[in-house]
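**Student:** Could you work out the structure for the sequence below:
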Amino acid sequence: MIKEKILIIDDESDIIELVRYNLEKEGYRVIFAHNGEKALQLVKKKVT
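**Tutor:** Predicted structure coming up:
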């Protein structure tokens with residue numbers, strides 16, 4: 001069963017991968033961004 005989608009925002013790729021791995025292992029859908037501007041673009045794109 002797929003749980004909620006989570007957005008990870010961090011400028012460190014290693015941290016994103018660690019958090020992403022653990023969240024996906026728990027069944028969450030993960031999207032990520034390396035900065036706030038990209039995160040806002042993703043949120044706008046996914047919401048509308």
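**Student:** For the rest of this, base every contact and every neighbour count on C-alpha atoms.
**Tutor:** Will do.
**Student:** For the worst-scoring helix or strand of the chain on mean pLDDT, list every residue counted as buried.
**Tutor:** Scoring the helices and strands of the chain by mean pLDDT, DSSP states H and E places helix 36-47 at the bottom, with a mean of 89. Using 16 or more other C-alpha atoms under 10 Å as the burial criterion, the residues of helix 36-47 that qualify are Ala39.
**Student:** just the helices in the protein please.
**Tutor:** Using DSSP state H, the helices of the chain run over residues 13-25, 36-47.
**Student:** got any ranges where this protein has weak pLDDT?
**Tutor:** For the chain, applying pLDDT under 70 flags the ranges 1-2, 47-48.
**Student:** and Arg20, how many residues sit next to it?
**Tutor:** The number of residues packed near Arg20 is 20, by other C-alpha atoms under 10 Å.
**Student:** still on that earlier bit, so for Glu4, which of the helices of the chain sits nearest?
**Tutor:** Comparing the helices of the chain by their distance to Glu4 (C-alpha to C-alpha), the top pick is helix 13-25, with 10.3 Å.
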